[in-house]
Structures are given as structure tokens and as C-alpha cells.
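Undergrad: Predicted model, plus sequence, below.
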Amino acid sequence: MDNSLRFFHKAAAFCAYQERCLSEVREKLYDWEAESADIEPIIEKLIEEKYLNEERFAQVYAGSKFRTKKWGKLKIRYMLKQKGIPSTLITKGLQEINPEIYYETLQTLASQKKEAMKSKFDKIKLYNYLISKGFENDLVKEVIKENT
């Protein structure tokens, strides 16, 4: 088996295990020391055979980071940009997040943090915490106003 085919199978397994984006696969191929001339044809074949799809990646990434890490849309958008995902696909990915559940999650995070602060409740600390999770400024202010 030639090296190109070997790297294709290795990359296909890498993509089949979990959704990946182009930059992750490209970086992994370089790490595996694939020939530079082979990398783009391998990536094209992965896309052709549906192992690699950036729109699907953006949707899965946005949904999973919101559900598991309770990240807000701003942080998810930033992290997807860091991975080289185009803005149009980021927007589509963020549409996977239900607005009602998003707001409920923000409220839950705010009340949990407020409870953790107990007698030392500090609006500024609560605000900074929610902003650091990637939630939008106007929503954070609204939720803090509701919680105080």
C-alpha cells in the first residue's frame, strides 16, 4: 500500500471517530509526516467521501460545547473562527442552539454562581463569570437584573 493511501485510511479513521474540521485533519496529516503534495488530495477525497464536512462540524461543535460546557454563542463563534471555519457555517452551526434553552441555561448558570457566592454576592463577579462563558452582554445584564 502506498503512503498516500495509508494516510488516507488513517485520516478517514480519525474523522470517523469524531467530527473534525479541515484544519484539524491538515494538522494531523502534518504530524503524521505525510508528504506535503499528498495532503490536499487526501483532504479532497475525505470531503468527497463525506468523512469531512465543515458545516456538519460547526453544527456538532456548537451544540456539544453549549450542552456539555455551557458555553455561550460568542465563545463558540470565537473557537470556531480559531479553527478556520467560515462565518456563514458558524452562523448555521449556532442556529442549532434553541433560544429558549439558551436563555434558561444562562439563568441557571447565574443562579448557581449566585448561590456559590452566598453572602459575598457580587454583581460584577457574576457579570464577569457569565461574560467569560461567552454569553452576550445584553442577555447577561438582563439575567443579572432578574436575579437581584
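TA: Sure, I can see it.
Undergrad: mind listing what's buried in the host helix or strand of residue 112?
TA: Applying DSSP states H and E as the criterion places residue 112 in helix 99-117. Of the residues in helix 99-117, 102, 105, 106, 109, 110, 113, 114 count as buried by neighbour count, 16 or more other C-beta atoms under 10 Å. For the C-beta atoms, the positions are set from N, CA and C on the backbone; glycine is no exception.
Undergrad: For the third one, give me its contacts.
TA: When you say that, I think you mean residue 106. Contacts here follow C-beta atoms under 8 Å, 6 or more residues apart in numbering; on that basis residue 106 touches 72, 130, 135, 139, 140, 143.
Undergrad: Just to check, the third one is in contact with residue 74?
TA: Yes. Counting by C-beta atoms under 8 Å, residue 135 touches residue 74, with 6.9 Å between them.
Undergrad: quick one: which of these two has more around it?
TA: Comparing residue 135 with residue 74 by other C-beta atoms under 10 Å, the one with more neighbours is residue 135, at 24 against 15.
Undergrad: what's the closest residue to the more buried one other than its chain neighbours in contact with, if anything?
TA: Once flanking residues are discounted, residue 135 sits nearest to residue 72: 3.4 Å by C-beta to C-beta, 6 or more residues apart in numbering. In this structure, residue 72 makes contact with 66, 102, 106, 130, 133, 134, 135, 136, judged by C-beta under 8 Å, 6+ apart.
Undergrad: Equivalent analysis for residue 96, please.
TA: Here residue 96 is in contact with 59, 62, 63 (criterion: C-beta under 8 Å, 6+ apart).
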